[in-house]
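**Q** Based on what follows, work out the 3D shape:
(one chain, ligands or ions: 3)
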Amino acid sequence: MMDLIIKNGTVITAKDTFKADIGVRDGKIEVITRSLDQMEAKQIIDATGNYVLPGALDAHTHLEMPFGGTVSSDSYEAGTRAAACGGTTTVFDFVIQGKGQGLVEAVEGRRALCEPQACVDYSFHTAITDLTPAVLKEFKQAVDYGINSFKVFMVYKKEGLMVDDGVMVRAMIRAKEVGARVSVHAENPDVIDMNIENFLKEGKTHAWYHYLSRPEYAEAEADKRAIHWAKSFNVPLYIVHLACKEGMDEVTRARQEGYDVIAETCPQYLYFTNEVYKREDGRNFVCSPPIKGPESQDALWDGIKRGDISIVATDHCPFQSYEKDWGKDDFTKIPNGCMGVENMYPYMLSEANRGRISFNKAVEVCSTNVAQLFGCAPQKGTIAPGSDADLVIYDPEKTYVISKDNMHSDVDYTIWEGVELKGYPVMTFSRGKLVYDNGQFVGEKGWGEFVKRTPLT
Ligand SMILES: NC(=O)NCCC(=O)O
Ligand SMILES: [Zn+2]
Ligand SMILES: [Zn+2]
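**A** Numbering: from 1, shown residues only. Ligands and ions are numbered 1, 2, ... in the order given. Prediction:
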C-alpha cells in the first residue's frame, strides 16, 4: 500500500515531460509508471489536466534576519509557510556569522530557531564577517556539517557585513579546498557612498535616488572584480542576485572560457524595471542591488535561456510598510529587501505557460540546478524513484492575481500586488505530506527538516 498516488498528471522535470502515475511511500517517490491503477494508497489524487513538478528550492532567503536597523519581517514559520504555498519545498537561508563566532556555532544557533518553526525543509549558507585563521580552518567542519556554501558581502560596511578582497579571495581558495563554493553580493561600496553623499547634500531623497546611487556601473564593477579573482585563482564562484547586463556579459565570458562561475538572478529583476523607484511607493521596491533598466532585464532573460543564469532565487527579505516608511524622506533609511518566496515558482511557471521559456527550463533554474549545484541532488530537485516526494501539482488553466490578501507571509503588502499569472500551483507536497491545498496552507510548523548537503566535487 502506497501512502500517496498522484494519477494521470503530466510529469515535468528539467529534462523530460511525460504522462505518468507517481507512487509515494515514507516520504519518498517509490515508483513512476504509466499506470498505478492496480495499486492501493491511503491518498489518491487525480491530476488529470494538471502538471506534476518537483518542488522549488529557494537558494536565497533572509528569514527573521537582523538587518537595516530592524529584523526582516517573515519569521521562519511565516517564510516557510509562504514558500509551501508557492510550491517551494526547500529554502536556503543565510546565517550571518557574528564577530568572533564559529561557523558551526552560528549555524546551530539559527537551526535551533528554525527547527520548531519550519513548514518545509531548509538548509543554510553561512555569511562570513570575521575570517580569522580558526574560521578558515573551520570551513572543513562546516562542510562536514552539511554546509557547502559561504557568502561574502562586498558592501554593507556600516552594517558590519562587508569584507575586503583579501578576505574574499582567502575564503574562495579555502572553500575550493574543502568542496565548497563562495557566493558574493557584488556592488562597489565606495562609489555608492560617494553618490549617496552627493544626493543627500542636494536634498535628493526619494527612492529613485536609491537606484541612481547604485546603478548598473556600481554593480558591474564588483561583478567583474569577483569574477577576476575567481579566474585568477581558478576557484568556484556564485554571484547572487545578479541584476545588470554588464555583469551578465562578464559571467557569460567567464563560463565560455571554462571557469566555474555561476549566477543567480531574482524574479524582481525579471519582472519589474527601475521605473518602480519613481512611484510614490517606490521605497517598497528598494533592494540592493536595485532593480535595473530594460536592457539589463532583457540580458538576464537571455542569460536564463542560454544557461548562463543557473539559478533563479528570491532574496526574500521583506519589511513591513511602516519600516519601509522610515525612508519616506531619506532613501538611505529604507531597509533593503523585497518579498518573493511565494511568488518565484508561480511567476517563472507563468512565464513558461506564456511561452517565454519552457516548463523544463523553469524547473531547471528554480529547482534542479539548485539541488545539483549545492549538493542535495537527487534527494531534492527532481522527480525520480528514491527522491523526496516534494511535489507540486500545477493547473495551467488557472488565472491567479497576486494580492497581499492571498499571500501567506506576515508582511502587510506585496510588491507583486495585482500581477496576473497564467497557471498556478494547486497542491504542494513536502516529503509526501500535503502542505498547500488550493489557496490554503494545510501543513504544520516543525515539519521541515534540515537538509544535510554533500561536499561539491
Ligand atoms: N537584497 C537586499 O536588499 N536585502 C537582503 C540582503 C542582501 O541580500 O543584500
Ligand atoms: Zn545581497
Ligand atoms: Zn540576499
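**Q** Next one: residue 80 from residue 441, what distance?
**A** Taking C-beta to C-beta, to the nearest Å as the measure, residue 80 falls 10 Å from residue 441. (C-beta placed from N, C-alpha, C; glycine too.)
**Q** if I've got this straight, residue 436 is in a strand?
**A** Yes - applying DSSP: H, G, I helix; E, B strand; the rest coil, one finds residue 436 inside a strand.
**Q** Looks like residue 362 contacts residue 351 (just checking).
**A** Yes - applying C-beta atoms under 8 Å as the test, residue 362 and residue 351 come out as touching, 7.1 Å apart.
**Q** out of these two, which sits in the busier spot?
**A** Comparing residue 362 with residue 351 by other C-beta atoms under 10 Å, the one with more neighbours is residue 362, at 26 against 22.
**Q** Quick one: residues contacting that one.
**A** Residue 362 makes contact with 345, 348-349, 351-352, according to C-beta atoms under 8 Å, 6 or more residues apart in numbering.
**Q** That one: which element?
**A** Element membership for residue 362 (DSSP states H and E) is helix 359-363.
**Q** Is any residue of the longest helix that the chain contains near ligand 1?
**A** The longest helix of the chain (DSSP state H) is helix 216-232. No - using C-beta under 6 Å from any ligand atom, helix 216-232 never reaches ligand 1; the gap is at least 11.6 Å.
**Q** in that helix, what's buried?
**A** 216, 218-227, 229-231 (16 or more other C-beta atoms under 10 Å).
**Q** list the contacts for the closest residue to residue 417 other than its chain neighbours?
**A** Excluding the flanking residues, the one nearest residue 417 by C-beta to C-beta, 6 or more residues apart in numbering is residue 403, at 5.8 Å. Contacts for residue 403 (C-beta under 8 Å, 6+ apart) come out as 414, 417-418.
**Q** so how many other residues sit close to residue 132?
**A** That count, for residue 132 with other C-beta under 10 Å as the rule, works out to 11.
**Q** any idea how far it is from residue 103?
**A** Per C-beta to C-beta, residue 132 is found 11 Å from residue 103.
**Q** now swap in residue 37 and tell me
**A** 51 Å.
**Q** more neighbours, the two?
**A** Neighbour count, other C-beta under 10 Å: between residue 37 and residue 103, residue 103 has more, with 25 against 9.
**Q** In the stretch 151-300 of the chain, which residue sits closest to ligand 1?
**A** Nearest residue of the stretch 151-300 of the chain to ligand 1, counting by C-beta to the nearest ligand atom: residue 287, 3.5 Å away.
**Q** What of the stretch 1-150 of the chain?
**A** Closest to ligand 1 within the stretch 1-150 of the chain is residue 62: 5.2 Å, counting by C-beta to the nearest ligand atom.
**Q** Could you find the closest non-adjacent residue to that residue?
**A** Among residues not flanking residue 62 along the chain, residue 317 sits closest, at 3.9 Å (C-beta to C-beta, 6+ apart).
**Q** pretty sure that neighbour contacts residue 70?
**A** No - the pair residue 317 and residue 70 does not pass the contact test of C-beta under 8 Å, sitting 11.0 Å apart.
**Q** Show the contacting residues for the residue of the stretch 151-300 of the chain closest to ligand 1.
**A** By C-beta under 8 Å, 6+ apart, the residues touching residue 287 are 241, 268, 315, 317, 336-338.
**Q** circling back to that earlier point, shared neighbours, residue 80 and residue 441?
**A** Common neighbours of residue 80 and residue 441 (C-beta under 8 Å, 6+ apart) are residue 119.
**Q** Strands of the stretch 51-200 of the chain, residue ranges please.
**A** Assigned by DSSP state E, counting those that start in this stretch, the stretch 51-200 of the chain shows strands spanning 51-54, 56-61, 66-67, 70-71, 88-96, 121-127, 149-153, 181-185.
**Q** Of the ones you listed, which stretch is the most buried?
**A** Among the strands of the stretch 51-200 of the chain, strand 56-61 has the highest mean neighbour count (mean count of other C-beta atoms under 10 Å), at a mean of 30.
**Q** helices or strands up against that one?
**A** Under the contact criterion of 3 or more C-beta pairs under 8 Å, 6 or more residues apart in numbering; DSSP states H and E, strand 56-61 touches helix 76-85, strand 88-96, helix 344-353, helix 369-373.
**Q** related to what we said a few turns ago, any chance of the backbone angles for the closest residue to the residue of the stretch 151-300 of the chain closest to ligand 1 other than its chain neighbours?
**A** Leaving aside its chain neighbours, residue 287 sits nearest to residue 338 (4.6 Å; criterion: C-beta to C-beta, 6+ apart). For residue 338, the backbone dihedrals (degrees, to the nearest 10) come out as phi -130, psi 170.
**Q** Good, we can wrap up now.
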